[in-house]
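**Student:** Pasting the sequence and the predicted model now:
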Amino acid sequence: MNVTTPAGLDDLRVIGDIGGTHARFALAQRGAYSHLQRVDVAKYDSLIEALKDYLAVLPSGLLPSVAVIDVAGPVRGDHVKMTNLAWSFSADDMKHRLGLKAFRVLNDFAAAASSIPYLPQADCFPIGPDISGVKGPIGVVGPGTGLGVGALVPNGDGWTLIPGEGGHVSLPPSSEIEDRILVILRKRFGHASAERALSGVGLVNLYHALCEIDGVAAAPFTPADVTDHAIRGTDPLCVKAFAHFCEMLGTVAGDLALTLGASGGIYIAGGILLRFKEAFAASGFRTRFESKGRFRDWLQTVPTRLILEESPALLGLANVPIEVGV
Ligand SMILES: Nc1ncnc2c1ncn2[C@@H]1O[C@H](COP(=O)(O)OP(=O)(O)OP(=O)(O)O)[C@@H](O)[C@H]1O
(Lines give C-alpha, C1' and ligand atoms only; values in the text may rest on other atoms or scores of the structure.)
Protein backbone atom coordinates (compact mmCIF):
# COMPACT_ATOMS: atom_id res chain seq x y z
CA MET A 1 0.00 0.00 0.00
CA ASN A 2 1.22 3.48 -0.78
CA VAL A 3 0.59 5.78 2.17
CA THR A 4 1.57 9.43 1.75
CA THR A 5 2.76 11.90 4.36
CA PRO A 6 1.61 15.24 2.93
CA ALA A 7 4.43 17.37 4.25
CA GLY A 8 7.24 14.89 4.92
CA LEU A 9 8.98 17.43 7.15
CA ASP A 10 9.81 14.81 9.80
CA ASP A 11 11.98 12.79 7.46
CA LEU A 12 15.66 13.69 7.46
CA ARG A 13 16.12 15.19 4.01
CA VAL A 14 19.22 15.98 2.04
CA ILE A 15 18.70 19.27 0.23
CA GLY A 16 20.70 20.71 -2.64
CA ASP A 17 20.68 24.09 -4.37
CA ILE A 18 22.40 23.52 -7.71
CA GLY A 19 23.49 26.74 -9.43
CA GLY A 20 25.53 27.22 -12.58
CA THR A 21 28.70 27.91 -10.54
CA HIS A 22 28.21 26.37 -7.09
CA ALA A 23 26.10 23.62 -5.53
CA ARG A 24 25.15 23.88 -1.88
CA PHE A 25 24.14 20.76 0.04
CA ALA A 26 22.71 20.49 3.54
CA LEU A 27 20.61 18.25 5.79
CA ALA A 28 17.16 19.41 6.86
CA GLN A 29 14.47 18.31 9.27
CA ARG A 30 11.30 20.06 10.47
CA GLY A 31 12.10 23.16 8.40
CA ALA A 32 15.63 23.91 9.61
CA TYR A 33 18.89 22.96 7.93
CA SER A 34 22.47 22.20 9.02
CA HIS A 35 25.71 20.62 7.71
CA LEU A 36 25.94 23.13 4.83
CA GLN A 37 28.62 22.47 2.27
CA ARG A 38 29.34 24.50 -0.89
CA VAL A 39 31.04 22.79 -3.83
CA ASP A 40 32.28 24.00 -7.17
CA VAL A 41 30.07 22.28 -9.79
CA ALA A 42 32.91 22.30 -12.36
CA LYS A 43 34.63 19.63 -10.20
CA TYR A 44 31.91 17.07 -10.98
CA ASP A 45 30.48 15.52 -14.16
CA SER A 46 27.11 14.76 -12.60
CA LEU A 47 24.77 15.46 -9.69
CA ILE A 48 25.05 11.92 -8.34
CA GLU A 49 28.83 12.19 -7.97
CA ALA A 50 28.55 15.50 -6.10
CA LEU A 51 25.72 14.23 -3.90
CA LYS A 52 27.51 10.95 -3.08
CA ASP A 53 30.64 12.90 -2.05
CA TYR A 54 28.52 15.06 0.26
CA LEU A 55 26.72 12.08 1.82
CA ALA A 56 29.98 10.14 2.27
CA VAL A 57 31.46 12.63 4.74
CA LEU A 58 28.38 13.09 6.95
CA PRO A 59 28.76 11.96 10.57
CA SER A 60 27.65 8.33 10.95
CA GLY A 61 24.01 7.91 11.93
CA LEU A 62 22.87 10.80 9.75
CA LEU A 63 21.17 8.95 6.92
CA PRO A 64 18.68 11.04 4.95
CA SER A 65 15.67 9.14 3.62
CA VAL A 66 14.47 11.76 1.12
CA ALA A 67 16.06 14.36 -1.15
CA VAL A 68 14.78 17.75 -2.27
CA ILE A 69 16.94 19.37 -4.90
CA ASP A 70 16.60 22.55 -6.92
CA VAL A 71 18.24 23.23 -10.25
CA ALA A 72 18.79 26.31 -12.37
CA GLY A 73 16.56 25.39 -15.28
CA PRO A 74 13.03 24.30 -16.11
CA VAL A 75 11.69 21.21 -14.33
CA ARG A 76 9.14 19.40 -16.49
CA GLY A 77 8.67 15.74 -15.70
CA ASP A 78 11.18 13.18 -14.48
CA HIS A 79 14.13 14.05 -16.70
CA VAL A 80 15.94 17.21 -15.67
CA LYS A 81 18.52 19.13 -17.69
CA MET A 82 20.17 22.25 -16.34
CA THR A 83 20.39 25.43 -18.43
CA ASN A 84 23.91 26.67 -17.60
CA LEU A 85 25.58 23.37 -16.65
CA ALA A 86 26.09 20.04 -18.47
CA TRP A 87 24.34 17.96 -15.78
CA SER A 88 21.17 16.00 -16.45
CA PHE A 89 19.43 13.24 -14.47
CA SER A 90 16.21 11.35 -13.88
CA ALA A 91 14.67 12.00 -10.45
CA ASP A 92 13.34 8.43 -10.32
CA ASP A 93 16.73 6.98 -11.19
CA MET A 94 18.38 9.15 -8.49
CA LYS A 95 15.87 7.95 -5.92
CA HIS A 96 16.67 4.31 -6.68
CA ARG A 97 20.43 4.72 -6.94
CA LEU A 98 20.59 6.54 -3.61
CA GLY A 99 18.11 4.17 -1.90
CA LEU A 100 15.75 7.01 -0.92
CA LYS A 101 11.99 7.06 -0.27
CA ALA A 102 11.48 10.18 -2.39
CA PHE A 103 13.45 12.55 -4.60
CA ARG A 104 11.75 15.86 -5.40
CA VAL A 105 13.15 18.39 -7.87
CA LEU A 106 12.18 22.06 -8.10
CA ASN A 107 13.28 25.02 -10.16
CA ASP A 108 15.86 27.06 -8.19
CA PHE A 109 13.77 30.22 -8.09
CA ALA A 110 10.66 28.31 -7.09
CA ALA A 111 12.79 27.14 -4.14
CA ALA A 112 14.04 30.68 -3.47
CA ALA A 113 10.46 32.01 -3.60
CA SER A 114 9.27 29.33 -1.19
CA SER A 115 11.80 30.58 1.39
CA ILE A 116 10.24 34.06 1.66
CA PRO A 117 7.66 33.25 4.39
CA TYR A 118 10.48 31.77 6.52
CA LEU A 119 13.19 34.42 5.99
CA PRO A 120 14.16 36.37 9.12
CA GLN A 121 13.60 40.11 8.72
CA ALA A 122 17.31 40.73 9.29
CA ASP A 123 18.00 38.92 6.01
CA CYS A 124 15.76 41.28 4.02
CA PHE A 125 17.44 44.61 3.26
CA PRO A 126 15.00 47.29 2.03
CA ILE A 127 15.87 48.88 -1.30
CA GLY A 128 13.85 52.08 -1.37
CA PRO A 129 11.19 52.78 1.27
CA ASP A 130 10.85 50.23 4.08
CA ILE A 131 7.20 49.29 3.56
CA SER A 132 5.82 46.73 6.00
CA GLY A 133 2.50 44.98 6.63
CA VAL A 134 1.92 44.15 2.96
CA LYS A 135 -0.02 41.13 1.74
CA GLY A 136 -0.48 39.47 -1.64
CA PRO A 137 1.58 37.86 -4.38
CA ILE A 138 5.36 37.98 -4.05
CA GLY A 139 7.94 37.94 -6.85
CA VAL A 140 11.59 36.97 -6.63
CA VAL A 141 14.20 37.92 -9.20
CA GLY A 142 17.89 37.16 -8.91
CA PRO A 143 20.95 37.73 -11.06
CA GLY A 144 23.65 35.08 -10.58
CA THR A 145 25.13 32.78 -13.20
CA GLY A 146 21.81 33.33 -14.98
CA LEU A 147 18.73 35.40 -14.12
CA GLY A 148 16.22 33.50 -11.98
CA VAL A 149 12.59 34.50 -11.48
CA GLY A 150 9.92 32.88 -9.30
CA ALA A 151 6.69 33.79 -7.52
CA LEU A 152 4.42 32.90 -4.60
CA VAL A 153 0.69 33.48 -4.69
CA PRO A 154 -1.39 33.31 -1.47
CA ASN A 155 -3.67 30.27 -1.40
CA GLY A 156 -5.83 29.91 1.70
CA ASP A 157 -3.45 29.47 4.64
CA GLY A 158 -0.55 28.63 2.36
CA TRP A 159 1.04 29.59 -0.91
CA THR A 160 1.05 28.40 -4.49
CA LEU A 161 4.50 28.32 -5.98
CA ILE A 162 4.96 29.59 -9.53
CA PRO A 163 8.15 28.44 -11.21
CA GLY A 164 8.86 30.13 -14.50
CA GLU A 165 11.66 31.05 -16.83
CA GLY A 166 11.25 34.80 -16.44
CA GLY A 167 14.98 35.38 -16.93
CA HIS A 168 14.41 34.66 -20.60
CA VAL A 169 11.80 37.37 -21.22
CA SER A 170 12.89 39.95 -23.79
CA LEU A 171 15.18 42.65 -22.40
CA PRO A 172 13.14 45.83 -21.89
CA PRO A 173 15.23 48.95 -22.71
CA SER A 174 13.91 52.18 -21.16
CA SER A 175 16.25 54.91 -22.39
CA GLU A 176 18.03 55.88 -25.60
CA ILE A 177 21.33 54.39 -24.46
CA GLU A 178 19.56 51.16 -23.45
CA ASP A 179 17.97 51.07 -26.93
CA ARG A 180 21.50 51.11 -28.36
CA ILE A 181 22.63 48.42 -25.92
CA LEU A 182 19.66 46.28 -26.99
CA VAL A 183 20.56 46.62 -30.70
CA ILE A 184 24.12 45.43 -29.93
CA LEU A 185 22.93 42.48 -27.81
CA ARG A 186 20.29 41.49 -30.39
CA LYS A 187 22.91 41.50 -33.16
CA ARG A 188 25.08 39.25 -31.02
CA PHE A 189 22.49 36.84 -29.55
CA GLY A 190 19.41 36.99 -31.80
CA HIS A 191 16.98 36.99 -28.88
CA ALA A 192 18.31 39.48 -26.33
CA SER A 193 16.84 38.06 -23.12
CA ALA A 194 16.91 39.90 -19.79
CA GLU A 195 19.53 37.37 -18.66
CA ARG A 196 21.94 38.58 -21.38
CA ALA A 197 22.31 41.80 -19.36
CA LEU A 198 21.23 40.78 -15.85
CA SER A 199 23.66 38.05 -14.78
CA GLY A 200 27.39 37.72 -14.12
CA VAL A 201 28.13 37.36 -17.83
CA GLY A 202 25.48 40.02 -18.46
CA LEU A 203 27.61 42.58 -16.60
CA VAL A 204 30.44 41.85 -19.03
CA ASN A 205 28.01 42.02 -22.00
CA LEU A 206 26.87 45.46 -20.81
CA TYR A 207 30.47 46.63 -20.42
CA HIS A 208 31.32 45.40 -23.95
CA ALA A 209 28.25 47.08 -25.44
CA LEU A 210 29.18 50.39 -23.77
CA CYS A 211 32.75 50.09 -25.11
CA GLU A 212 31.33 49.54 -28.61
CA ILE A 213 29.06 52.58 -28.27
CA ASP A 214 32.03 54.72 -27.17
CA GLY A 215 34.33 53.22 -29.84
CA VAL A 216 36.93 52.03 -27.32
CA ALA A 217 38.60 48.62 -27.03
CA ALA A 218 37.17 46.46 -24.24
CA ALA A 219 39.52 45.05 -21.59
CA PRO A 220 39.25 41.30 -20.87
CA PHE A 221 37.28 41.87 -17.65
CA THR A 222 35.46 39.19 -15.64
CA PRO A 223 32.11 40.05 -13.96
CA ALA A 224 34.01 40.60 -10.68
CA ASP A 225 36.44 42.98 -12.45
CA VAL A 226 33.49 45.02 -13.74
CA THR A 227 31.92 45.42 -10.29
CA ASP A 228 35.30 45.99 -8.64
CA HIS A 229 36.09 48.90 -11.03
CA ALA A 230 32.51 50.15 -10.68
CA ILE A 231 32.57 50.24 -6.89
CA ARG A 232 36.04 51.80 -6.72
CA GLY A 233 35.21 54.20 -9.57
CA THR A 234 38.39 53.21 -11.41
CA ASP A 235 36.85 52.63 -14.86
CA PRO A 236 34.05 54.90 -16.12
CA LEU A 237 32.56 52.26 -18.43
CA CYS A 238 32.40 49.74 -15.58
CA VAL A 239 30.68 52.41 -13.47
CA LYS A 240 28.13 52.84 -16.28
CA ALA A 241 27.74 49.08 -16.79
CA PHE A 242 26.89 48.57 -13.11
CA ALA A 243 24.49 51.54 -13.17
CA HIS A 244 22.65 50.13 -16.22
CA PHE A 245 22.64 46.69 -14.60
CA CYS A 246 20.83 48.05 -11.52
CA GLU A 247 18.43 50.20 -13.54
CA MET A 248 17.53 47.46 -16.03
CA LEU A 249 16.94 45.15 -13.08
CA GLY A 250 14.58 47.83 -11.74
CA THR A 251 12.66 47.75 -15.02
CA VAL A 252 12.43 43.94 -15.00
CA ALA A 253 11.41 43.90 -11.31
CA GLY A 254 8.73 46.56 -11.97
CA ASP A 255 7.43 44.53 -14.92
CA LEU A 256 7.26 41.45 -12.69
CA ALA A 257 5.39 43.40 -9.99
CA LEU A 258 2.82 44.65 -12.52
CA THR A 259 2.41 41.23 -14.16
CA LEU A 260 1.87 39.43 -10.84
CA GLY A 261 0.06 42.23 -9.04
CA ALA A 262 2.81 41.65 -6.48
CA SER A 263 1.47 43.74 -3.61
CA GLY A 264 3.48 41.47 -1.25
CA GLY A 265 6.74 42.78 -2.70
CA ILE A 266 9.58 41.93 -5.02
CA TYR A 267 12.62 40.26 -3.49
CA ILE A 268 16.06 40.38 -5.08
CA ALA A 269 18.17 37.24 -4.68
CA GLY A 270 21.25 35.85 -6.42
CA GLY A 271 24.94 35.86 -5.62
CA ILE A 272 25.92 39.17 -7.22
CA LEU A 273 24.09 42.04 -5.53
CA LEU A 274 24.34 40.87 -1.93
CA ARG A 275 28.05 41.64 -2.25
CA PHE A 276 27.21 45.30 -2.98
CA LYS A 277 24.11 46.08 -0.93
CA GLU A 278 24.97 49.75 -0.25
CA ALA A 279 25.89 50.49 -3.86
CA PHE A 280 22.75 48.72 -5.04
CA ALA A 281 20.57 50.67 -2.58
CA ALA A 282 22.15 53.92 -3.85
CA SER A 283 21.63 52.97 -7.53
CA GLY A 284 18.76 53.91 -9.85
CA PHE A 285 17.03 50.54 -9.22
CA ARG A 286 14.09 51.82 -7.17
CA THR A 287 13.46 54.91 -9.31
CA ARG A 288 13.34 52.68 -12.36
CA PHE A 289 11.12 50.16 -10.53
CA GLU A 290 8.54 52.89 -9.93
CA SER A 291 8.83 54.52 -13.40
CA LYS A 292 5.76 52.95 -14.91
CA GLY A 293 3.71 55.98 -15.91
CA ARG A 294 0.16 55.70 -14.61
CA PHE A 295 1.11 52.86 -12.28
CA ARG A 296 3.81 54.79 -10.41
CA ASP A 297 1.49 55.42 -7.44
CA TRP A 298 0.75 51.73 -7.04
CA LEU A 299 4.40 50.68 -7.44
CA GLN A 300 5.34 53.15 -4.70
CA THR A 301 3.37 50.92 -2.30
CA VAL A 302 5.26 47.75 -3.29
CA PRO A 303 8.36 46.97 -1.19
CA THR A 304 11.57 45.83 -2.85
CA ARG A 305 14.02 43.95 -0.66
CA LEU A 306 17.46 42.47 -1.19
CA ILE A 307 17.80 38.99 0.34
CA LEU A 308 21.05 38.90 2.31
CA GLU A 309 21.00 35.13 2.84
CA GLU A 310 23.48 33.60 0.37
CA SER A 311 21.22 30.70 -0.53
CA PRO A 312 17.58 31.37 0.40
CA ALA A 313 16.64 28.38 -1.75
CA LEU A 314 17.96 26.04 0.98
CA LEU A 315 15.47 27.42 3.47
CA GLY A 316 12.75 26.89 0.87
CA LEU A 317 13.90 23.31 0.22
CA ALA A 318 13.91 22.61 3.96
CA ASN A 319 10.23 23.58 4.10
CA VAL A 320 8.56 22.47 0.87
CA PRO A 321 6.16 19.57 1.24
CA ILE A 322 7.25 16.24 -0.17
CA GLU A 323 5.10 13.18 -0.64
CA VAL A 324 6.81 10.17 0.88
CA GLY A 325 5.54 6.76 -0.20
CA VAL A 326 6.10 3.96 2.35
N1 LIG B 1 32.23 40.16 -7.31
C2 LIG B 1 31.44 39.85 -8.33
N3 LIG B 1 30.88 40.81 -9.10
C4 LIG B 1 30.07 40.49 -10.13
N5 LIG B 1 29.78 39.25 -10.49
C6 LIG B 1 30.32 38.26 -9.78
C7 LIG B 1 31.15 38.50 -8.66
N8 LIG B 1 31.54 37.31 -8.15
C9 LIG B 1 30.94 36.37 -8.89
N10 LIG B 1 30.22 36.94 -9.88
C11 LIG B 1 29.44 36.27 -10.91
O12 LIG B 1 28.24 35.83 -10.31
C13 LIG B 1 27.80 34.65 -10.96
C14 LIG B 1 27.42 33.66 -9.89
O15 LIG B 1 28.53 33.43 -9.10
P16 LIG B 1 28.36 33.13 -7.56
O17 LIG B 1 29.73 33.01 -7.01
O18 LIG B 1 27.44 34.12 -6.95
O19 LIG B 1 27.75 31.70 -7.61
P20 LIG B 1 26.40 31.16 -7.03
O21 LIG B 1 25.99 31.94 -5.83
O22 LIG B 1 26.63 29.71 -6.85
O23 LIG B 1 25.40 31.44 -8.19
P24 LIG B 1 24.58 30.39 -9.02
O25 LIG B 1 23.60 29.80 -8.03
O26 LIG B 1 23.92 31.27 -10.05
O27 LIG B 1 25.57 29.44 -9.57
C28 LIG B 1 28.93 34.22 -11.91
O29 LIG B 1 28.56 34.63 -13.22
C30 LIG B 1 30.11 35.02 -11.42
O31 LIG B 1 30.99 35.35 -12.48
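**Tutor:** Cool, the structure landed. Numbering: from 1, shown residues only.
**Student:** How about the residues of the chain by the ligand?
**Tutor:** Selection of the chain residues close to the ligand by CB under 6 Å from any ligand atom yields 19-22, 144-145, 200-201, 203, 223-224, 227, 271-272, 275. Heads up, the C-betas are built off the backbone N, CA and C, glycines and all.
**Student:** Please identify the one among the residues you listed that lies nearest to T83.
**Tutor:** Ranked by distance to T83 (CB to CB), these are led by G20 at 7.5 Å.
**Student:** Show me what secondary structure element comes after the lowest-mean-pLDDT helix or strand in the chain.
**Tutor:** One helix or strand of the chain scores below all others by mean pLDDT, DSSP states H and E: strand 4-5, with a mean of 43. With elements assigned by DSSP states H and E, the helix or strand that comes after strand 4-5 is strand 13-18.
**Student:** Just after the longest helix along the chain, pick out the following helix or strand.
**Tutor:** The longest helix of the chain (DSSP state H) is helix 236-260. Downstream of helix 236-260, the first helix or strand assigned by DSSP H and E is strand 265-268.
**Student:** Any idea how far that next one is from the middle of the chain?
**Tutor:** For strand 265-268, the distance from its own C-alpha centre to the chain's C-alpha centre is 11 Å (CA atoms, centre = their mean, to the nearest Å).
**Student:** Who are the packing partners of that strand?
**Tutor:** Judged by 3 or more CB pairs under 8 Å, 6 or more residues apart in numbering; DSSP states H and E, strand 265-268 is in contact with strand 138-143, helix 236-260, strand 304-307.
**Student:** give the contact list for the residue in the stretch 1-150 of the chain that the ligand sits nearest to.
**Tutor:** Closest residue of the stretch 1-150 of the chain to the ligand, CB to the nearest ligand atom: G19 (2.0 Å). Each residue near G19 by CB atoms under 8 Å, 6 or more residues apart in numbering is listed here: V41, A72, D108, G144, T145, G271.
**Student:** between the residues you listed, which has the most around it?
**Tutor:** Among the contacts of G19, D108 has the most neighbours (other CB atoms under 10 Å), with 31 neighbours.
**Student:** so it makes contact with D17?
**Tutor:** Yes: the pair formed by D108 and D17 meets the contact definition of CB atoms under 8 Å, at 6.4 Å.
**Student:** Under the pLDDT cut-off, which ranges of the chain? List them.
**Tutor:** Along the chain, segments meeting pLDDT under 70 span 1-7, 325-326.
**Student:** ok, the closest residue to F295 other than its chain neighbours to the ligand distance?
**Tutor:** Distance criterion CB to CB, 6 or more residues apart in numbering; nearest residue to F295, sequence neighbours excluded, is L258 at 6.2 Å. Separation of L258 from the ligand (CB to the nearest ligand atom, to the nearest Å): 26 Å.
**Student:** before we move on, what about A318?
**Tutor:** With CB to the nearest ligand atom as the criterion, A318 and the ligand are 17 Å apart.
**Student:** residues in contact with that residue?
**Tutor:** Shown in contact with A318 (CB under 8 Å, 6+ apart): R13, I15, A26, A28, G31, A32, Y33, V68.
**Student:** and the first one, how far is that from I162?
**Tutor:** Okay, so that is R13. Counting by CB to CB, to the nearest Å, the gap from R13 to I162 is 23 Å.
**Student:** which of those two has more neighbours?
**Tutor:** Set R13 next to I162 and count neighbours by other CB under 10 Å: R13 wins out with 29 against 19.
**Student:** The more buried one and G31 touch, don't they?
**Tutor:** No: R13 lies out of contact with G31 (CB under 8 Å); the separation is 10.4 Å.
**Student:** quick one on the thing from earlier: ok, how many other residues are close to the residue nearest to F295?
**Tutor:** L258 has 15 neighbours, counted by other CB under 10 Å.
**Student:** what's near enough to touch the nearest residue to G270 once chain neighbours are set aside?
**Tutor:** Leaving aside its chain neighbours, G270 sits nearest to G142 (3.1 Å; criterion: CB to CB, 6+ apart). Under the criterion of CB under 8 Å, 6+ apart, the neighbours of G142 are F109, A112, G148, V149, I268, A269, G270, I307.
**Student:** Tell me the bridge partners for G142.
**Tutor:** Under DSSP bridges, the beta-bridge partners of G142 are G148.
**Student:** the helices in the stretch 1-150 of the chain, which residues?
**Tutor:** For the stretch 1-150 of the chain, helices defined by DSSP state H, counting those that start in this stretch occupy the ranges 47-56, 91-98, 108-115.
**Student:** Out of those helices, which one sits most buried?
**Tutor:** helix 108-115 (a mean of 30; mean count of other CB atoms under 10 Å).
**Student:** residues in contact with it?
**Tutor:** Contacts of helix 108-115 (CB under 8 Å, 6+ apart): 17-19, 70-73, 75, 106, 138-140, 142, 148-152, 159, 161-164, 166, 267, 269, 307, 309, 312-317, 319-320.
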